[in-house]
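Asker: what follows is a predicted structure for the sequence shown.
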Amino acid sequence: AAGFALGDRVGVPWLGHTCGTCAYCRRGQENLCEAAEFTGYTRDGGFADYTLADAHYCFPIPGTYSDEAAAPLMCAGLIGYRSYRMAGDGKRLGLYGFGAAAHIIAQVAVHQGREVYAFTKAGDEKGQDFARSLGAVWAGGSDEAPPEVLDAAIIFAPVGKLVPAALKAVDKGGAVICAGIHMSDIPAFPYADLWEERRIQSVANLTRQDGVEFLKIAPGARVQTSTHAYPLERANEALDDLRAGRFEGAAVLRMDL
């Protein structure tokens, strides 16, 4: 089905199906489809031993990745890549919240010759060291100003107060991309911080083209995922550890543990 053969390894992303006929689908914005279905939300799967997926929305897994290493690419990697693409091609990129998505996209950005500035929770020296180990030229707390003005910033942490902070950090014409599916309320800020053609933009889901592009780039950039595996029955523990920031990188559920 859809170019796959029996036994092929495939990745099942968040976007599980679209109608193909609504105005958004017809103009290449299937990520905004009026009837979109999402894996683990409106379609069963994700936290399960087995799942039924639409082959047209699955991706072949690059042979250089194990199943565990590939899993974060299908979610954090894909939404991270869409956010990265929307941020533009400026040289200095700020990443607010250095978790699953940021640790992948930082490697892509460094491979493409960009300077990465990583922002973590204040005092998170372990997270900052992790960012530097992946090529960040600077890492500090989200309450700090970067040493250089940024061309763009991506906010992965669902913290609304980071939006005004990122706006102050980006240059004229710069973009602040909000990558999360949800975020706490954004506090008021002066129009002067937005002026001079700075912009704020949210990211919704992904398109299949995003996946095709990213899964070609990741092996070439030698992206390595930092994973922490849990058996399926400990899924709630994995989520708690993720929220508490008890590890760097991504949590992965494995059925063979």
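Answerer: Yep, that arrived.

Asker: for Cys98, the count of nearby residues, please.
Answerer: Check again: residue 98 is Phe, not Cys. When neighbours are defined as other Cβ atoms under 10 Å, Phe98 has 28 of them. Glycine gets a C-beta too; all of them are placed from N, C-alpha and C.

Asker: wait, isn't it in contact with Phe119?
Answerer: Yes - taking contacts as Cβ atoms under 8 Å, Phe98 lies within contact range of Phe119: 7.2 Å.

Asker: find residues that contact each of these two.
Answerer: Ala139 (Cβ atoms under 8 Å, 6 or more residues apart in numbering).

Asker: let me see the ranges of the strands in the stretch 1-150 of the chain.
Answerer: Assigned by DSSP state E, counting those that start in this stretch, the strands in the stretch 1-150 of the chain fall at 10-11, 15-17, 37-38, 59-60, 92-96, 115-120, 138-141, 150-155.

Asker: with mean pLDDT, mean neighbour count and distance to Pro219 added, can I get those strands in CSV?
Answerer: Converted to CSV, the strands of the stretch 1-150 of the chain look like this (pLDDT from 0 to 100; neighbours: other Cβ atoms under 10 Å; distance: least, Cβ to Cβ, whole Å):
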stretch, mean pLDDT, mean neighbour count, distance to Pro219
strand 10-11, 96, 18, 13
strand 15-17, 97, 22, 22
strand 37-38, 98, 16, 26
strand 59-60, 96, 17, 12
strand 92-96, 99, 27, 21
strand 115-120, 99, 26, 20
strand 138-141, 98, 19, 26
strand 150-155, 99, 26, 22
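
Asker: how about those in CSV, adding distance to Leu162?
Answerer: Output for the strands of the stretch 1-150 of the chain, formatted as CSV (distance: least, Cβ to Cβ, whole Å):
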stretch, distance to Leu162
strand 10-11, 30
strand 15-17, 26
strand 37-38, 25
strand 59-60, 30
strand 92-96, 5
strand 115-120, 8
strand 138-141, 11
strand 150-155, 5
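
Asker: which one of those strands lies nearest to Ala53?
Answerer: strand 15-17 (6.6 Å; Cβ to Cβ).

Asker: name every strand pairing with that closest one and say which way it goes.
Answerer: Its sheet considered, strand 15-17 pairs with strand 37-38 (antiparallel) by DSSP bridges.

Asker: could you check the pLDDT of the residue nearest to Val12 when sequence neighbours are not counted?
Answerer: Closest residue to Val12 apart from its sequence neighbours, by Cβ to Cβ, 6 or more residues apart in numbering: Ala53 at 4.6 Å. Ala53 carries a pLDDT score of 95 in this model.

Asker: please list all residues in contact with Ala53.
Answerer: 10, 12, 16, 39, 43, 45.

Asker: what two of those are the furthest from one another?
Answerer: Among the contacts of Ala53, Val10 and Arg43 lie farthest apart (Cβ to Cβ), at 14.9 Å.

Asker: for the closest residue to Asp54 other than its chain neighbours, what are its contacts?
Answerer: With Cβ to Cβ, 6+ apart as the measure, His17 is the residue that lies nearest to Asp54, at 4.9 Å, once sequence neighbours are left out. If you count contacts by Cβ under 8 Å, 6+ apart, His17 has them with 36-37, 43, 54, 57.

Asker: can you check Glu37 too?
Answerer: Residues near Glu37 by Cβ under 8 Å, 6+ apart: 16-18, 43.

Asker: specify the beta-bridge partners of it.
Answerer: Applying DSSP bridges, one finds that Glu37 bridges with His17.

Asker: what is the burial count for Leu242?
Answerer: 17.

Asker: on the three-state scheme, it is what?
Answerer: Look at Leu242: counting by DSSP: H, G, I helix; E, B strand; the rest coil, its state is helix.

Asker: low-confidence regions, the stretch 1-150 of the chain specifically.
Answerer: 1 (pLDDT under 70).
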